[in-house]
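> dropping a prediction and its sequence here:
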Amino acid sequence: MAAPTRLSKIRNIGIVAHIDAGKTTVTERLLFYTGKTYKMGEVHDGEAVMDWMPQEQERGITITSAVTTCQWKNREIHIIDTPGHVDFTIEVERSLRVLDSVLVVFCAVGGVEPQSETVWHQADKYRVPKIAFINKMDRVGADYFGTVKMMRERFSSVPLLIQIPVMEGDVFKGVIDLITEKMIVWDDDSLGLKYDLVNVPPEWGQRVEEYREKLIETLAEADDHIAEKYLDGDDIEEKEIVDAIRRTTILLKVVPVLCGTALRNVGIQPILDAVVNFLPSPEDVPPIEGVNPENKEREKRISSNKEPLSALAFKIMMDEGRKITYVRIYSGQMKVGGEVYNSSSQKKEKISRLLKMHANKRERVNEAGAGNIIAVVGLKNTTTGDTLCDESHPIVLEPIDFYEPVISQAIEAKTPQDQDKLATALAKLVDEDPTLKVKYEDETAQTIISGMGELHLEIVTDRLIREFHTNVNVGKPKVVYRETIGKKVEIERVFKKDLGDKKHFGHVILSMEPGERGSGLQLINDIEDGTIPEGFYPVIKEGISDAALSGCISGYPVTDITVTLKGGSFIEGESTELGYRIAASTAFNDGCSDAEPILLEPVMRVDIITPSEFMGDVIGNINSRRGEVEKINPKGPISEIKAKVPLKQMFGYSTDLRSATQGRATFSMQFLKYDKS
């Protein structure tokens, strides 16, 4: 048998979950048991290693994804701990884009919670293999099999139980491994470092046999080798089961499910074993695909140091004034002092330093190869989503999707000295966070910051004050609206003017009609007879796009319109780019005014989990906010309510919800669509 290669020993995993499912606690245990840390940090004490920002420690939540590396059974595991709060969902999105696999943590009491669904679907979008850990089995109301049932119902995946919990009444006693048919018992005195495999208690024997049979049956449906042996009635060895679970997990046919309680140090080592045994190495995932910018053809890069370099910058971080770029290397190598080519910005970059990160601590290395997640110092013109490659073998990888902000607020410096600091600090924060937008409004002389939610903007403001020592005043958060039109119009505009000694002429005929919600601005060219030379089409499009940035009702961006260029005319020696640009933008502005303009407001998807006795009050409150309840899922003592509510009505909702439910309900919201206000 061939010796394992360096790449086959690497695992790139992300840890994702709904807020408060215990994701960071699980990560802290993983680091402790692999010897990466010598003390377990607790989230509730504000001492979690991976939650290193002051804002994270104070609030007990993860805000930014943190990267670290640890060793387990001669395997190198790169871990990204991601936020669970929906305001920071871009952190999850960009992490999943560069990871090979993911550990999804569920709360045994809450089950599949709203943000769990979001992150699961994000992982599906990037076809990332998953394992699931059902945490908090020691809590009253923990329901392992109920959570597995919810996974089966909510996701188009097959949960594969490789463990079952041992419960005595409501008390969680340990875990039975269905592959080895042994019970795992952890030693409290050693903080869970020591554990024993013991025989299954006799009263559990029949149940273990049943669940092991289900495990084999599920595998037989997904794997031909197991199916053959199962149908022939042959004995199936442990190694064959492990190999089959690995194959089917990597092919996204099954999701292995484990359980435990991270806070009580139970169930963590089997997670590490599952990561090593079942999740893919960079060699097991399909080659990364991209486009050659020179010939526009699709190309592949196999995960190997011998291939030309291809890497994706997925996160920017400012640290003591220095820009650190987090990069996933898919193929080839990077070396300190070497040059790389940014094919997205078409610029050469020099690598000053390469750093292996452990949250906010670092270790310098001289080179990094395929499969690694590494931090690079010295990249001046690289931003999130850019591709770094070998200039003689250029490739552009698929960039990362970003979300449009839905909430904004005015921000101003308290003193003239703070003004310069504010502009610099905001530029650095925008570099770090692609969902943060900053613009200066000439009419009001205000700087406006826009983001994903109230908490997002609160953290930005807090960082400006603490990290960048900028004294600022902030206005109340405001909703970011959009504008569209209500009917179809056709409009013709001519621009003809002498500017200096040059004549400028442009003439366009546009047809404008409402598009479907979410369709954006569609530009179509319907001129085939050469009435307007092709060289002018790009500036006509630019004129329309520029005009769409500011609508005719309140100056909000215009969207959900299909604009068709129907005709126009051309005068030799007089037609100019400026002429067509102005004619097109004037036609678009006037067309919007004539086509019954409509204001659109952001509507949010709101998921509320509340004790059932407060359900009537919660629904009443949603209705009073112009909301629409779409679905109610009873889960015994608690209920999940899914609703659509205009963002404008959601300000201050957390306070109202707390007072209506004695502080026992939780909610999350995310942008759904723009609709008529």
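The structure has been received and is ready for your questions. Residues are numbered from 1 along each chain as shown.
> which strand residues bridge residue 78?
Following DSSP bridges, residue 78 is listed with bridge partners residue 12, residue 69.
> right, I mislabeled it, should have said residue 673
Taking DSSP bridges as the rule, residue 673 bridges to residue 603.
> what's around the closest residue in space to residue 629 that isn't next to it in sequence, how many residues?
In space, residue 629 comes closest to residue 643 once its chain neighbours are excluded; the distance is 4.8 Å by CB to CB, 6 or more residues apart in numbering. Glycine gets a C-beta too; all of them are placed from N, C-alpha and C. A total of 22 residues lie near residue 643 under the criterion other CB atoms under 10 Å.
> in a strand, residue 643, correct?
Yes: the assignment for residue 643 is a strand, going by DSSP: H, G, I helix; E, B strand; the rest coil.
> and it, what does it touch?
605-606, 608, 622, 627-630 (CB atoms under 8 Å, 6 or more residues apart in numbering).
> so which of these belong to strands?
605-606, 608, 628-630 (DSSP state E).
> as a check, name the ranges of all strands in the stretch 451-600 of the chain.
Secondary structure of the stretch 451-600 of the chain (DSSP state E, counting those that start in this stretch): strands located at 472-474, 478-479, 482-485, 489-499, 502-514, 521-525, 561-568, 597-611.
> rank these by pLDDT, which is bottom?
Taking each of the strands of the stretch 451-600 of the chain in turn, the lowest mean pLDDT turns up on strand 478-479, with a mean of 78.
> the closest residue to residue 279 other than its chain neighbours pairs with what?
Spatial nearest neighbour of residue 279, chain neighbours left out: residue 101 (4.0 Å); criterion: CB to CB, 6+ apart. Residue 101 has these beta-bridge partners by DSSP bridges: residue 13.
> out of the ones in strands among the contacts of residue 643, which is nearest to residue 647?
Proximity of the ones in strands among the contacts of residue 643 to residue 647 (CB to CB) peaks at residue 606, which lies at 9.8 Å.
> now for that closest one: which residues touch it?
Residue 606 neighbours (CB under 8 Å, 6+ apart): 622, 627, 641-645, 650, 667-669.
> from the residues you listed, pick the one nearest residue 565.
Taking CB to CB as the measure, residue 644 is the one of the contacts of residue 606 closest to residue 565, at 36.0 Å.
> so residue 294, which of the three states?
Assigned by three-state DSSP, the conformation of residue 294 is coil.
> tell me which element residue 399 is part of?
Using DSSP states H and E, residue 399 falls within no helix or strand.
> let me redo that: residue 340
Short version: residue 340 belongs to strand 339-342, going by DSSP H and E.
> so which bits of the helix or strand following that strand are buried?
Using DSSP H and E, the helix or strand that follows strand 339-342 in sequence is strand 347-350. For strand 347-350, a neighbour-count test (16 or more other CB atoms under 10 Å) marks residue 349 as buried.
> check stretch 272-288 too.
For stretch 272-288, by 16+ other CB under 10 Å, it's 272-285, 288.
> which residues are contacting that stretch?
5, 7-13, 30, 33-34, 72-73, 75, 77, 100-101, 103, 129, 131, 162, 242, 245-246, 249-250, 256, 258, 300-303, 310, 330-331, 370-371, 397.
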